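Asker: build me a model from this:
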Amino acid sequence: MNTTAIDVVLSYFARCADRDASIVEMYTEDAEFFDCVGPSLFTGHAEIREHVFEPIFTAFPDFRCDDQVRHIVSDRNVVMAELVITGTHEAHYLGHPPTHRQVSWNTSGVWEITDDGLIRREAFYWDAATLTAQLRP
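Answerer: Sure thing, here's the model as predicted:
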């Protein structure tokens, strides 16, 4: 792998911040995305796009996850990061109508990166209670 696993994840954060719909191309075809808040496991580009990126990019059109990375470490092809996600709640999300308020929540993730620089698995852990409280009218 010419780039480091951390480089791949930092590039992923940048593409998330750009709300780049092609972000799923950063994953292997059979990639798994584990979300600690159910339903918990999405497999492959179509499921990850439909259940992860489309909802969050629609609900938070100014979604950012690249500017508050608190920690990022790797051991070979596994990366762990702690970060803060921010965005303005502009569409239904998690059953809550838009509040048009700026929200933020803490997250952590673990990414398994292939030798080809693709994401094989992502496990995403986030503070659902804090976000949900901010989404209430």
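Asker: which residues in the protein form strands?
Answerer: Remark: strands of the chain, listed N- to C-terminal, are 27-35, 41-43, 69-75, 78-88, 102-113, 119-126; assignment by DSSP state E.
Asker: now render the ones you listed as CSV, adding distance to residue 55 and mean pLDDT.
Answerer: Any C-beta I mention is one placed from the backbone N, CA and C, and that applies to glycine too. Supplementary listing: those in CSV, determined by distance: least, C-beta to C-beta, whole Å; pLDDT from 0 to 100:
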stretch, distance to residue 55, mean pLDDT
strand 27-35, 11, 97
strand 41-43, 11, 96
strand 69-75, 22, 96
strand 78-88, 12, 97
strand 102-113, 14, 97
strand 119-126, 13, 96
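Asker: okay but residue 85 is in contact with residue 66, surely?
Answerer: No - in this structure residue 85 lies outside contact range of residue 66 using C-beta atoms under 8 Å: 9.8 Å.
Asker: looking at these two, which has the bigger crowd around it?
Answerer: In this view residue 85 and residue 66 are compared by other C-beta atoms under 10 Å, and residue 85 has more residues nearby, 22 against 17.
Asker: quick one: the more buried one from residue 75, how far?
Answerer: The gap separating residue 85 from residue 75 is 24 Å, by C-beta to C-beta, to the nearest Å.
Asker: again with residue 4
Answerer: 11 Å.
Asker: neighbour count winner among the two?
Answerer: A direct count of neighbours by other C-beta under 10 Å for residue 4 and residue 75 places residue 4 higher, at 15 against 8.
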